[in-house]
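**Q** build me a model:
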Amino acid sequence: MANSFKSKANVNVETSGNTIYTCPSATETTLIGMTLSNKGTASVTANVYLNKSSIDYSLISNAPILSGSTLVPIGGDQKVVMEATDYLKVTTSANNSVDVIISLLEIS
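**A** Down below sits the predicted model:
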């Protein structure tokens, strides 16, 4: 089995349809960190979902992020394991205000 640490980034998250990461086939992934940064001038809310078998499971829901600040829903003691074809999705209350960075370990 190969282990590979990776970082993925998504700039200018929209209010819908933002797939941040999809776990490749024949792979398991451990999400070890996630940061959502509000670069806008107003507060926003964010939602993070893990999609498994076409069902969205909420990791955070309507979490406020003040202007110029960040939210770290995954990190420290919190980890999330993903299986092949699972994907991570983020939505926000305002277009183009939030950037997302995730750190992960892929095991294939």
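**Q** list the buried residues in stretch 35-46.
**A** Taking 16 or more other C-beta atoms under 10 Å as the basis for neighbour counts, the residues of stretch 35-46 that come out buried are 35, 36, 37, 38, 40, 44, 45, 46. From N, CA and C alone the C-beta is placed, and that goes for glycine too.
**Q** any idea how far apart the tips of that stretch sit?
**A** Taking C-alpha to C-alpha, to the nearest Å, the first and last residues of stretch 35-46 lie 11 Å apart.
**Q** for that stretch, what does the pLDDT average out to?
**A** Stretch 35-46 carries an average pLDDT of 96.
**Q** then stretch 4-24?
**A** 93.
**Q** so which residues make contact with that stretch?
**A** Contact with stretch 4-24 is made by 29, 31, 36, 46, 82-106, 108, as judged by C-beta atoms under 8 Å, 6 or more residues apart in numbering.
**Q** compute the first-to-last residue distance for that stretch.
**A** Counting by C-alpha to C-alpha, the terminal residues of stretch 4-24 are separated by 12 Å.
**Q** from the chain's centroid, how far away is that stretch?
**A** Relative to its chain's centre, stretch 4-24 lies at 6 Å (C-alpha atoms, centre = their mean, to the nearest Å).
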